[in-house]
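K.L.:
coordinates for the following, if possible.
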Amino acid sequence: MGDLAEWNAAAGHAWNRLRLGLSRLCPFEYFRVVEVQKRGALHLHILVWSAEPLPRGQVQELALAAGFGCQVDLSPLSPQRHAHYAAKYATKATDQRGAAPWAVDVVNTRTGEVTRGRAPARYRTWSSSRQWGLTVREVRAANRAAMEAARLARAGDAAMAGEPTLLSVAKAATPGVGEPRRAGPSAAAAKLVWS
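P.N.:
Presented below is the predicted three-dimensional model:
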């Protein structure tokens with residue numbers, strides 16, 4: 001394809017062909033990031049993990065058959081280096097969506113004629129297989145666990161320093177039988193909630 005707008009619009013289908021071909025070689029996980037090059041072409045950066053070695057020649061053949069030019073680097077993944085690599089292109093791509101020419105079918109509603117036209121680019125700046133990384137649910141659960149651990153550590157530090165803890169303030173603020181309820185939280189409870 002000589003037209004960049006046509007290539008960009010078909011890049012998702014080319015990636016699907018490559019992904020299907022790789023899955024026939026062996027099970028794998030991937031993280032894919034799209035970069036918009038200076039000339040406007042979409043350029044894919046794909047990190048692949050497989051328990052089995054990927055044969056360089058077959059990967060190259062599959063990429064070329066799917067319509068890609070291909071540079072294959074089969075070096076082992078190092079979490080920090082490759083996370084930085086993927087994050088660099090993922091953040092760069094979010095600002096570049098308007099720079100990619102995109103071809104679409106345009107229907108003349110009066111005559112019904114279908115022609116090719118241009119439209120804003122529609123592509124995912126990144127995607128990954130289901131087992132790559134963490135889900136949003138897992139990130140939120142880890143965040144909640146970390147916040148709870150920090151809260152417990154602060155409460156433990158306060159208890160060791162002789163300061164009232166949220167638990168001790170709550171017990172002190174709970175009225176006994178026949179005692180009137182307080183209108184609002186105690187000053188100590190408010191301090192702990194906001195600190």
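K.L.:
ok but residue 43 is inside a helix, no?
P.N.:
No. Assessed with DSSP: H, G, I helix; E, B strand; the rest coil, residue 43 is strand; it does not lie in a helix.
K.L.:
packing partners of the strand or helix carrying residue 32?
P.N.:
Residue 32 is part of strand 29-36, with elements assigned from DSSP states H and E. Where contact means 3 or more Cβ pairs under 8 Å, 6 or more residues apart in numbering; DSSP states H and E, strand 29-36 is packed against helix 4-25, strand 42-49, helix 79-94, strand 126-128. All C-beta spots, glycine's among them, are computed from the backbone N, C-alpha and C.
K.L.:
now find how far off-centre stretch 132-142 is within its chain.
P.N.:
Using Cα atoms, centre = their mean, to the nearest Å, the mean C-alpha position of stretch 132-142 is found 10 Å from that of the whole chain.
K.L.:
and the contacts of it?
P.N.:
Here stretch 132-142 makes contact (Cβ atoms under 8 Å, 6 or more residues apart in numbering) with 29-31, 49.
K.L.:
buried ones in the strand holding residue 32?
P.N.:
30-36 (16 or more other Cβ atoms under 10 Å).
K.L.:
so which bits of the helix or strand hosting residue 60 are buried?
P.N.:
Per DSSP H and E: residue 60 is located in helix 56-66. By 16+ other Cβ under 10 Å, the buried positions in helix 56-66 come out as 59, 62-63, 66.
K.L.:
can you put those in a markdown table and add distance to residue 21 and pLDDT?
P.N.:
A markdown table is the format used below for the buried residues of helix 56-66 (distance: Cβ to Cβ, whole Å; pLDDT from 0 to 100):
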| residue | distance to residue 21 | pLDDT |
| --- | --- | --- |
| 59 | 9 | 89 |
| 62 | 4 | 92 |
| 63 | 8 | 90 |
| 66 | 7 | 91 |
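K.L.:
reformat those as TSV; add distance to residue 105.
P.N.:
Converted to TSV, these look like this (distance: Cβ to Cβ, whole Å):
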residue	distance to residue 105
59	33
62	29
63	27
66	23
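K.L.:
closest to residue 89 out of these?
P.N.:
residue 63 (17.7 Å; Cβ to Cβ).
K.L.:
so where's the chain uncertain?
P.N.:
1-2, 93-99, 122, 133-134, 158-195 (pLDDT under 70).
K.L.:
contacts for stretch 40-53 next, please.
P.N.:
For stretch 40-53, the surrounding residues in contact (Cβ under 8 Å, 6+ apart) are 4, 7-8, 11, 15, 22, 26-37, 54, 68, 74, 77, 82, 85-86, 89, 99-101, 123, 132.
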